[in-house]
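Trainee: based on what follows, work out the 3D shape:
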Amino acid sequence: MGNFAKWIGGGLGFVVGGPIGGLLGFFIGSVVDNSKTVTWQQSRHQVRPGTTPGDFGMSLLVLIAAVMKADGRVVKAELDYVKRFFISQFGPDTAQEALMMLRDLLKQEIPLRDVCSQIRKNMDYPSRLQLIHILYNISAADGRFEPAETKVIRAIADMMGISATDYESIQNMFVPSTDAAYRILEVERSATEEELKKAYRKMAIKYHPDKVSHLGEEFRKTAEEKFRSVNEAWEKIKKERNIV
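Mentor: Residues are numbered from 1 along each chain as shown. Next up is the predicted model:
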């Protein structure tokens, strides 16, 4: 567990207790035992501002497993995507350890409502938005969106306290609906030019990668994808409206 311990070098906070800690107990114990940067006493008693990379990563693994289990089968394309995702973020050794945890989670019953409640109470809102964005990335891995998976992601968003407009903004980055560019910016097609400019500025701030900089460079790549989608939506609207 040495490589994974380095990944969560920022520490384990809220995930040690509650349902997430129960699901990943063995692996968390291994990390705590082997990492010089994380101790059980620190995890239990040290107060940390915001969300740590370890909290985010462990929460992400549990939610990925819940989405992959949603349609009653685990698709190889999804596993391959998860592997590529973790390799690109953390390197091959850490990715292998993450996949070991994921395979164990796929064998367990996941108390999703309790897990989401734990995340909602302890994780900052921008990080929760980032979780939803990555879950859609995973769901899109096989080139199609299974209704069961989309339903679970929507339920996760609701239980984590994500607003309907924020959820629809992220959803339209992957599953474009009518007026997708407008939905990404969280405005109606009838919005005025000034309202559109204001909406773009607001979304550019909301989805700026710096909002999740506390998660470390490892997760910045996916944050940049979300930010890029906002810019692409704005460029599409500008071209359509002839906005200078």
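Trainee: show me this structure divided up by domain.
Mentor: 1-162, 163-244 (automatic domain parsing).
Trainee: show me where pLDDT drops low in this structure?
Mentor: 1-11, 26, 28-50, 89, 142-143 (pLDDT under 70).
Trainee: could you redo the last one with a cut-off of 50?
Mentor: Applying pLDDT under 50 to the chain picks out residues 1-2, 9, 35-49.
Trainee: kindly reformat the domains of the chain as TSV containing mean neighbour count.
Mentor: For every residue, glycine as well, the C-beta is placed using N, CA and C. Below are these laid out as TSV (neighbours: other CB atoms under 10 Å):
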stretch	mean neighbour count
domain 1-162	18
domain 163-244	17
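Trainee: what helix or strand is the spatially most central residue of the chain on?
Mentor: The residue lying closest to the centre of the chain (CA atoms, centre = their mean) is Leu131, at 1.5 Å. Per DSSP states H and E, Leu131 falls inside helix 125-139.
Trainee: show residues contacting stretch 149-158.
Mentor: Residues outside stretch 149-158 that contact it (CB atoms under 8 Å, 6 or more residues apart in numbering): 63, 66-68, 70-71, 112, 116, 131-132, 135-136, 139, 166-167, 171, 175.
Trainee: sorry, back to before: pretty sure the residue nearest to the centre of the chain sits against Gly57.
Mentor: No: if you go by CB atoms under 8 Å, Leu131 and Gly57 don't touch, sitting 10.5 Å apart.
Trainee: where do the strands sit along this structure?
Mentor: With DSSP state E, there are no strands along the chain.
Trainee: and the lengthiest helix in it, how far from the chain's centre?
Mentor: Under DSSP state H, the helix in the chain containing the largest number of residues is helix 220-241. The chain centre lies 18 Å from the centre of helix 220-241; the measure is CA atoms, centre = their mean, to the nearest Å.
Trainee: what of stretch 206-217?
Mentor: The answer for stretch 206-217 is 12 Å, by CA atoms, centre = their mean.
Trainee: neighbouring contacts of it?
Mentor: 10, 50-53, 56, 126-127, 129-130, 166, 205, 219-220, 223-224, 226-227, 229-230.
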